[in-house]
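Participant: here you go, sequence then predicted model.
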Amino acid sequence: MSTTLTLDTLTITQPDDWHLHLRDGPALHHTVSDVARHFARAIVMPNLAPPVITTAQAADYRERILAARPKGNDWQPLMVLYLTDNTPADEIDRAINSGFIHAIKYYPAGATTNSDSGVTDIKKVYPVLERMQKCGLPLLLHGEVTDAHIDIFDREAVFIERTLNPLCVQFPGLKIVLEHITTAQSAQFVASGGENLAATITPQHLLYNRNDLLAGGIRPHNYCLPILKRSSHQQALIEAATSDSGQFFLGTDSAPHPQNKKENACGCAGCYSHHAAIELYAEAFDRAGALDKLDNFASHFGPSFYGLPVNQKKLTLRRAPWQLPATTQLGGDPMVPFYASETLQWAVVDGE
Ligand code: NCD
Ligand code: ZN
């Protein structure tokens, strides 16, 4: 183990982000140029208001995203449709034929930001899932139950029992990604499943636990859903992310909200991390003594699950501590990014 502890330079294959919120309108200028700096592709979440539920809407949204891309940059958005109780199974055929839709997102109705049109009972979408299983289109899950009486810290674990486990039994061939996992239960459930079951992990869930949200004062910029859990769960996620199983890969869940919507009596859920996404992961992997595992997690396991080629370009990071800005911009609004004003050990030096 490891030469990596003394490494000062790290070259990886150019990474992809398998879970990203870009928003729409003036915000695209900032969110798209940030992700396009170091990443080659990103799975783009469809929870706009109103949500992206048809292939035609995804085509329009994709054009708006591409128009916001910096000149000469070839970063690619991989589009996703938002599943509703009324999505027809034929929409899956249209999605496949489009060539630019790579997954379908399941939000339990009311689970998180802009999820009011989500699915009220998973059985209602079984015909759609049947079609997806047949053609190999992945289902991306926001894995939390929404019942008001279930404790917020237990919602992911209860989702596994009530929804995910039966879903895997009913659709054994369906490709499923449990998004932004936050618990030991999720890491273990995914690891014990087949290769058609995977999970994404965010930088905030690798670097932080619930003390970073609640101890010594409430820190609204660390509030995201699923909520940060206790440190034993954080440790289980670090072990999963640095494992060789191939089922865990990078998905930032970078989810921008203006400063005044976060610093608020009823603050929004979501952390923005694409001002320093790969550097945040490098920090977490370095602390775990596992920098040698970053390349697989960030750049190989995701494409392999989605059946896409691995990127050709490389990205080089150097151990060169730098301080993150206190604020950045989102459209016309100030925004406080994740890890604001903190110091990161790794900086990108090549691949811009
Ligand atoms: C996301 C958002 O703001 O769109 N928020 C979050 O806390 N992660 C939605 C989501 O992925 O749950
Ligand atoms: Zn998300």
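Facilitator: Yes, it's here. Ligands and ions are numbered 1, 2, ... in the order given.
Participant: what does the protein put close to ligand 1?
Facilitator: The chain has residues 21, 47, 112-113, 142, 224-225, 253, 255, 269-270 near ligand 1, with proximity defined as Cβ under 6 Å from any ligand atom. From N, CA and C alone the C-beta is placed, and that goes for glycine too.
Participant: just confirm residue 123 is within a strand.
Facilitator: No: counting by DSSP: H, G, I helix; E, B strand; the rest coil, residue 123 falls outside a strand, being helix.
Participant: compute the number of surrounding residues for it.
Facilitator: Look at residue 123: counted by other Cβ atoms under 10 Å, it has 11 neighbours.
Participant: and stretch 156-173, what's buried?
Facilitator: By neighbour count with 16 or more other Cβ atoms under 10 Å, stretch 156-173 contains the buried residues 156-160, 163-164, 167-168, 171.
Participant: biggest separation within the residues you listed, which pair?
Facilitator: Maximum pairwise distance among the buried residues of stretch 156-173 (Cβ to Cβ): 21.0 Å, between 157 and 171.
Participant: returning to that earlier point: a markdown table please, covering the residues of the chain next to ligand 1 and showing secondary structure and neighbour count.
Facilitator: Shown next, in a markdown table, are the residues of the chain next to ligand 1 (DSSP: H, G, I helix; E, B strand; the rest coil; neighbours: other Cβ atoms under 10 Å):
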| residue | secondary structure | neighbour count |
| --- | --- | --- |
| 21 | coil | 23 |
| 47 | coil | 22 |
| 112 | coil | 20 |
| 113 | coil | 18 |
| 142 | coil | 24 |
| 224 | coil | 27 |
| 225 | coil | 21 |
| 253 | coil | 26 |
| 255 | coil | 27 |
| 269 | coil | 16 |
| 270 | coil | 22 |
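Participant: which parts of the stretch 101-250 of the chain are helices?
Facilitator: 126-135, 155-159, 165-170, 184-191, 203-207, 211-214, 231-241 (DSSP state H, counting those that start in this stretch).
Participant: Throw the ones you listed into a markdown table and include mean pLDDT, thanks.
Facilitator: As requested, the helices of the stretch 101-250 of the chain are exported to a markdown table (pLDDT from 0 to 100):
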| stretch | mean pLDDT |
| --- | --- |
| helix 126-135 | 98 |
| helix 155-159 | 98 |
| helix 165-170 | 97 |
| helix 184-191 | 98 |
| helix 203-207 | 99 |
| helix 211-214 | 98 |
| helix 231-241 | 98 |
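Participant: closest one to residue 264 among these?
Facilitator: helix 211-214 (15.3 Å).
Participant: deepest-packed of the helices of the stretch 101-250 of the chain, please.
Facilitator: Of the helices of the stretch 101-250 of the chain, the one with the most neighbours on average (mean count of other Cβ atoms under 10 Å) is helix 203-207, at a mean of 24.
Participant: what's the longest strand in the protein?
Facilitator: Determined from DSSP state E, the single longest strand within the chain is strand 314-323.
Participant: would you tell me what the next helix or strand after that one is?
Facilitator: Next in sequence after strand 314-323, counting helices and strands by DSSP states H and E, comes strand 328-330.
Participant: what segments of this structure are strands?
Facilitator: Taking DSSP E as the test, the strands found in the chain are 9-13, 17-20, 41-44, 76-82, 101-106, 139-141, 176-178, 197-201, 248-250, 314-323, 328-330, 333-335, 343-350.
Participant: hmm, back to that, just the buried residues of stretch 156-173 now: which is nearest ligand 1?
Facilitator: Ligand 1 lies nearest to residue 156 out of those, by Cβ to the nearest ligand atom, at 11.4 Å.
Participant: before we move on, the earlier item: which two of the residues of the chain next to ligand 1 have the greatest separation?
Facilitator: Once Cβ to Cβ is applied, these give 47 and 224 as the farthest pair, at 13.4 Å.
Participant: got the end-to-end distance for stretch 272-280?
Facilitator: This stretch, stretch 272-280, spans 12 Å end to end (Cα to Cα, to the nearest Å).
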